[in-house]
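[1] what's the 3D shape of this:
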Amino acid sequence: MRKLIWCIVTSIFLAPQIWAQDFDQYQPLESSGTIPESFVTLTESKVIDDIERIDRSEKRKIRKEKEKFVLVNNYLIDQLLLSGRVLYNDPVGRYINNVADHIIEANPDLADKERIQIYVVKSTVVNAFAYDNGSIFINLGLIAQLENEAQLAYILSHELVHFQKRHAINSYIEYDRISRGKSQYKQTSPEDRIIAQSNYSKELELEADKHGLEYLENTLYDPNSVYGVFDVLQYSFLPFDDVPFPKSYFESDHLKFPEDYFLEETNVIEVAEDYDDSRSTHPNVRTRREAIREILFSEVAEEKKEFLVSEEEFKKVRDLARFELCRLYLQSRDYSNAIYAAFMLQYDYPESSYLKEVIATALYNLTTYRHSSKYEFNRLIEDPENMQGSSQQLNHFLRKLTNEEMNVMALRYVWSQKQTLPENPVFASLSDSLMKSLVYNTDLTLRHFSEKALSDTLSDTLAQELAIDSTEYLKLSKYEKIKLNQKLKEQDENDGEFSFTRYAFVDLLQDPEFTRKYESYLSSKTTVETKTDKWGRKIKKTTSRKEKKRLELKGASLGIEKIVVVDPYYLKSDARKKTPVQFVKSEINQQEFSKLNAKNAALAGLDIEVIDPNTFDEDDTEKFNDYTVLNEWIRERFGHEDQDNAIVSSHQQAAKLIDKYGTRYFLWTGLVSTRYKKSFPLGYFLIGTVYWFLLPPAIVSLFIPEYDTYYYSLLFDLETGKVVFFNSQNFENSDRRDFVNSFVYDSFYQISKSN
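    Residues are numbered from 1 along each chain as shown. Model (predicted):
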C-alpha cells in the first residue's frame with residue numbers, strides 16, 4: 001500500500017517538475033527545497049558519530065586505523081558536498097531516489113536504511129561511488145549513457161552493496177596492511193603489493209556485482225539489464241551516442257569546405273573486453289560478464305520490466321543529464337565534445353536556443369585560442385588519430401582550420417543565429433566579439449569577401465564550360481566538386497589570391513548592420529606589436545618598474561564600496577605526520593577566518609557580504625545555488641589562465657548576481673599554514689665551536705618550530721572577468737592571529753580606500 005501511495009504522489013508532484021523543463025529554453029539544474037542535514041552539519045560532529053559506530057571489541061590498532069579513516073573520509077565527503085558540484089532535491093536526483101525506493105523496499109534485510117542518501121554529481125565521468133556513511137553519488141555522465149531504468153536500478157544495487165558491506169573502510173585497512181608489508185605481505189616486493197591491492201579491489205567489485213544482482217532480482221526490474229550496464233562501462237570513453245557529423249553542418253549555400261577537411265571514414269570502434277586489468281581497481285568487462293552469467297537466472301519472469309517508475313520520466317531525466325553535459329564540457333574547455341553533444345541533441349530539440357548557445361560559445365573560445373596559439377588550441381582538441389567513432393570527424397575538421405578560417409566559420413554561424421534569434425543577447429554579444437576578433441587578428445577586409453555567389457564569380461568561359469549555378473553545385477558528386485574547385489583555384493591564383501572563405505559572407509554582405517559594424521571595427525583597428533614565446537603564444541606587456549614600485553609603497557587604491565567574499569578558505573597541515581592535513585583545526589580556523597574577514601572589512605570601511613557554505617543553514621538554498629554558480633565561474637575562469645578574451649560559459653548566470661548583491665566585485669581569499677620537520681642547524685654548531693656567541697642561537701633554534709604560511713586575496717570584476725586586485729603574503733612563521741589580522745585588514749584597506 002505504501003508503495004502504491006508513493007507512486008501516486010510522485011506521479012502527481014514529481015513528474016510535472018521534470019516535464020516543466022523547457023528544453024528549447026533550457027535552464028541549468030539547480031538544487032531546491034531545504035538543504036539536507038548532511039550539508040549543514042559540522043564535519044567534526046559526523047566524525048564523532050561514526051567513531052561511535054566502530055566495534056570496540058576489535059584490536060586497538062585496527063580501531064585506530066578505522067578512526068583515522070572515518071576522520072579523513074568525512075572531511076573528503078564534505079568537501080565534495082560543499083564543492084558546488086553536488087545537487088540536492090533536483091529533478092534528476094528525485095527520480096533516482098524514486099528508483100532506489102523500489103530496491104530498498106524489496107530488500108528488507110538492508111541495514112541502516114535511514115543513512116542512505118543519494119545525490120547527483122555534476123561530472124562528465126561515467127561513474128558512481130558509495131561511502132560507508134550511506135552517501136551514494138551518481139555522476140550525470142553515467143545517467144546520460146544509460147538505456148533504461150533497470151540499468152540504473154542495477155547500478156544503485158551495486159553501490160548499495162558497497163555501503164552494506166563497508167567496502168570503503170575494509171579496503172582502506174587492507175590497502176594499509178599491503179603497503180606496509182604486514183601479515184602475508186611481509187616478503188612481497190613493491191610490484192607484488194601493487195598487484196595485491198588491485199586484486200583485493202577487484203574482489204570487492206565482483207562481490208558488489210554478485211550481491212547487487214541479488215538485490216535487483218528481489219525487485220520487478222529485469223535482471224538481464226545487467227549486461228547492458230557492462231556495455232555502458234565498456235564504451236564509456238565515447239560520447240553518449242554515435243552519430244555521423246556531416247560536412248554540411250557548418251556550411252551554408254556559399255561557404256563550402258575543402259573535401260580534405262573531412263575524413264572519408266572514421267575509425268571503427270574496437271574495444272577488447274578482456275583488456276589487462278592487473279593494475280586496475282575493477283575487473284575487466286569480460287570477467288564481470290562471465291561472473292554474472294554464472295549466477296543469473298536463465299529464465300526471467302514475465303512481470304519483470306525495464307521500467308517501474310516511468311519510461312517517459314527516464315528519458316526526460318536522461319536528456320536533462322545530456323543537456324548538463326554540454327555545460328560541463330564548456331566549463332572544462334572540452335569544446336569539441338560540447339559541440340558534438342549539442343549537435344546530437346538537436347535531432348530531438350532542433351529549436352533549442354540553449355544548444356545553439358553552447359555551440360556558439362565553444363566556437364568563440366576555440367577561435368580565441370586558435371588566434372593565440374596553435375599549440376594551445378591543439379591541447380584543447382583531442383588528436384583525431386587517437387579517436388574512434390563518429391566524433392573523430394569533428395576533431396579532424398577543427399584541427400584542419402586555420403585561425404582565419406575558424407574565425408570566419410564561427411562568425412558565420414553566430415551571426416546567422418543572431419538573425420534567427422535577434423532577442424537573444426548571447427548571439428549579439430558573441431557575433432560582435434567574433435567580428436572584432438576577425439578584424440583585429442587578421443588582415444581580412446571586406447574586399448576579401450565576395451558579394452557574388454560562387455557560380456557568379458566564374459569566368460564566362462568556365463561558366464559556359466561547366467554550365468552550373470549554385471543550386472546545381474550542391475548536386476555535384478564529390479569528384480566533380482573537387483575538379484570544379486581545382487579550376488576555381490587555378491583561376492583565383494591568377495588573380496593572386498585563393499580562399500574558400502571568400503564566399504562565406506555573400507548573403508551577410510547584403511545586411512547593412514554587418515557591413516557597418518565591420519567597417520567600424522576596421523576604422524578603429526590599431527596595429528600593436530606583440531612578442532610571442534617559443535609556442536607562438538602572445539606575451540603580455542608587464543607592469544612598468546615605476547608602477548610596481550608605486551604599488552609596493554602605496555598599495556592599490558580602488559575606492560570600492562562593497563564586495564562579496566566567496567568561501568573563505570583555511571587549511572592547516574603538519575608535514576611531519578602521516579596524515580598531514582589537520583582537518584579539525586582547519587574547520588575551526590575556517591570559521592574564525594570568516595569572522596575575521598567581516599571584522600576587518602568593517603574597520604576598513606568596506607561593506608562585505610560573505611557567501612560561506614560552512615555557515616549555511618537549511619533555509620539557505622538560494623544562497624547555495626548562488627555559491628554553486630560562483631564556484632563554476634571561478635573554476636572555468638582559472639582554466640582559461642591568461643586567455644583574457646575567452647569567455648566563461650556561466651557568464652550570463654554570474655552576471656545576474658551583480659544586480660542581486662549590488663556589486664560586481666567578488667573576492668576569493670584564504671590561508672594555508674604548514675608545519676615542517678625541524679632541520680638540525682649543523683652549520684650553526686660547527687661555527688659555534690669557533691665563535692661561541694653563535695652557539696646559543698643554534699640551541700634556541702632547536703626549540704622553535706618551522707612553519708610556512710601563505711595568505712592570498714584575489715578580487716575579480718564579475719562583469720569583465722578580470723582580476724582587479726591581488727594580494728599575497730608568504731612568510732616563514734605560524735598563522736598567528738596578529739599576522740593574519742594585519743594581512744586581511746591590509747587587503748580590505750587597499751580595496752576600499754580612494755586616491
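
[2] Only C-alpha atoms from now on, for both contacts and neighbour counts.
    Will do.

[3] need the strands for the stretch 551-700 of the chain, in chain order.
    Using DSSP state E, counting those that start in this stretch, the strands of the stretch 551-700 of the chain run over 562-566, 569-574, 607-611, 665-676.

[4] what do you get for the chain?
    All strands of the chain, identified by DSSP state E, fall at 86-87, 117-121, 128-130, 135-139, 531-532, 538-539, 562-566, 569-574, 607-611, 665-676, 706-717, 722-731.

[5] which other residues reach the third one?
    With contact meaning C-alpha atoms under 8 Å, 6 or more residues apart in numbering, strand 128-130 is reached by 136-139, 142, 155, 159-160, 162-163, 168.

[6] and it, which strands flank it?
    Using DSSP bridges, the strands paired with strand 128-130 are strand 135-139 (antiparallel).

[7] In this structure, where is pLDDT below threshold?
    Scanning the chain for pLDDT under 70 picks out 1-21, 181-187, 297-301, 454-476, 480-481, 484-498, 526-555, 678-704.

[8] who wins for most neighbours among the contacts of strand 128-130?
    Neighbour counts for the contacts of strand 128-130, by other C-alpha atoms under 10 Å, peak at residue 160, which reaches 29 neighbours.

[9] Output the contacting helices and strands for the longest helix seen in the chain.
    The single longest helix within the chain, with elements called by DSSP state H, is helix 190-217. Counting contacts by 3 or more C-alpha pairs under 8 Å, 6 or more residues apart in numbering; DSSP states H and E, helix 190-217 is packed against helix 91-106, helix 149-164, helix 167-179, helix 285-295.

[10] Quick one: the ones you listed as TSV, columns for distance to residue 30 too.
    Listed next are the helices and strands packed on helix 190-217 as TSV, based on distance: least, C-alpha to C-alpha, whole Å:
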stretch	distance to residue 30
helix 91-106	9
helix 149-164	22
helix 167-179	29
helix 285-295	35
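
[11] and the ones you listed, which is most packed in?
    Burial of the helices and strands packed on helix 190-217 is given as mean neighbour count (mean count of other C-alpha atoms under 10 Å); helix 149-164 ranks first at a mean of 26.

[12] Send me stretch 361-369 as CSV with only the CA atoms.
    Backbone C-alpha positions of stretch 361-369 (Å, rounded to 0.1, in the frame of the first residue of the first chain) are rendered in CSV as follows:
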residue,chain,number,x,y,z
THR,A,361,30.3,29.7,-27.1
ALA,A,362,32.5,26.8,-28.0
LEU,A,363,33.3,28.2,-31.4
TYR,A,364,34.1,31.6,-29.9
ASN,A,365,36.5,30.2,-27.4
LEU,A,366,38.1,27.9,-29.9
THR,A,367,38.6,31.0,-32.1
THR,A,368,40.2,32.8,-29.2
TYR,A,369,42.7,30.0,-28.5
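
[13] what residues does that stretch touch?
    Residues from elsewhere that reach stretch 361-369 (C-alpha under 8 Å, 6+ apart): 330, 335-336, 338-339, 376-377, 403, 406-407, 410, 430, 434, 437, 643, 645-647, 649.

[14] what's the answer for stretch 114-122, then?
    Contact with stretch 114-122 is made by 85-88, 92-93, 96-97, 133-141, 324, 328, as judged by C-alpha under 8 Å, 6+ apart.

[15] what's the answer for stretch 392-401, then?
    Stretch 392-401 is contacted from outside by 244-245, 261-263, 266-267, 336, 340, 378, 381-385, 406, using C-alpha under 8 Å, 6+ apart.

[16] picking up where we left off before, which ones among the contacts of stretch 361-369 map onto helices?
    Short answer: the contacts of stretch 361-369 in helices (DSSP H) are 330, 335-336, 338-339, 376-377, 403, 406-407, 410, 430, 434, 437.

[17] can I get those residues in CSV with neighbour count and distance to residue 575?
    Formatted as CSV, these follow (neighbours: other C-alpha atoms under 10 Å; distance: C-alpha to C-alpha, whole Å):
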residue, neighbour count, distance to residue 575
330, 23, 37
335, 26, 39
336, 23, 41
338, 25, 41
339, 24, 45
376, 16, 36
377, 20, 39
403, 22, 48
406, 23, 49
407, 26, 50
410, 27, 50
430, 23, 48
434, 24, 49
437, 21, 49
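
[18] Distance to residue 316 added to these, as JSON lines?
    Below are the ones in helices among the contacts of stretch 361-369 laid out as JSON lines (distance: C-alpha to C-alpha, whole Å):
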{"residue": "330", "distance to residue 316": "22"}
{"residue": "335", "distance to residue 316": "24"}
{"residue": "336", "distance to residue 316": "24"}
{"residue": "338", "distance to residue 316": "20"}
{"residue": "339", "distance to residue 316": "21"}
{"residue": "376", "distance to residue 316": "37"}
{"residue": "377", "distance to residue 316": "35"}
{"residue": "403", "distance to residue 316": "39"}
{"residue": "406", "distance to residue 316": "34"}
{"residue": "407", "distance to residue 316": "35"}
{"residue": "410", "distance to residue 316": "31"}
{"residue": "430", "distance to residue 316": "30"}
{"residue": "434", "distance to residue 316": "35"}
{"residue": "437", "distance to residue 316": "39"}
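
[19] Among those residues, which one lies nearest to residue 598?
    When those are ranked by distance to residue 598 (C-alpha to C-alpha), residue 330 comes first, at 34.6 Å.

[20] Quick check: the gap between residue 88 and residue 151.
    For residue 88, the distance to residue 151 equals 22 Å [C-alpha to C-alpha, to the nearest Å].

[21] go on, residue 68?
    Computed with C-alpha to C-alpha, the distance linking residue 68 and residue 151 is 35 Å.

[22] Check residue 320 too.
    Counting by C-alpha to C-alpha - residue 320 and residue 151 are separated by 17 Å.

[23] what does residue 621 give?
    Here residue 621 is placed at a distance of 31 Å from residue 151 (C-alpha to C-alpha).

[24] likewise residue 602?
    From residue 602 to residue 151 the distance is 55 Å (C-alpha to C-alpha).

[25] Same check on residue 749?
    Distance of residue 749 to residue 151, computed by C-alpha to C-alpha: 57 Å.

[26] For residue 58, grab the count of nearby residues.
    A count of nearby residues for residue 58, using other C-alpha under 10 Å, gives 10.

[27] One more: residue 590?
    Residues near residue 590, counting by other C-alpha under 10 Å, number 22.

[28] ok, now which ones touch it?
    Contact analysis of residue 590 by C-alpha under 8 Å, 6+ apart lists 568-571.

[29] Pipe those residues into CSV and attach neighbour count and distance to residue 724 per row.
    Output for the contacts of residue 590, formatted as CSV (neighbours: other C-alpha under 10 Å; distance: C-alpha to C-alpha, whole Å):
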residue, neighbour count, distance to residue 724
568, 22, 18
569, 20, 20
570, 21, 23
571, 21, 25
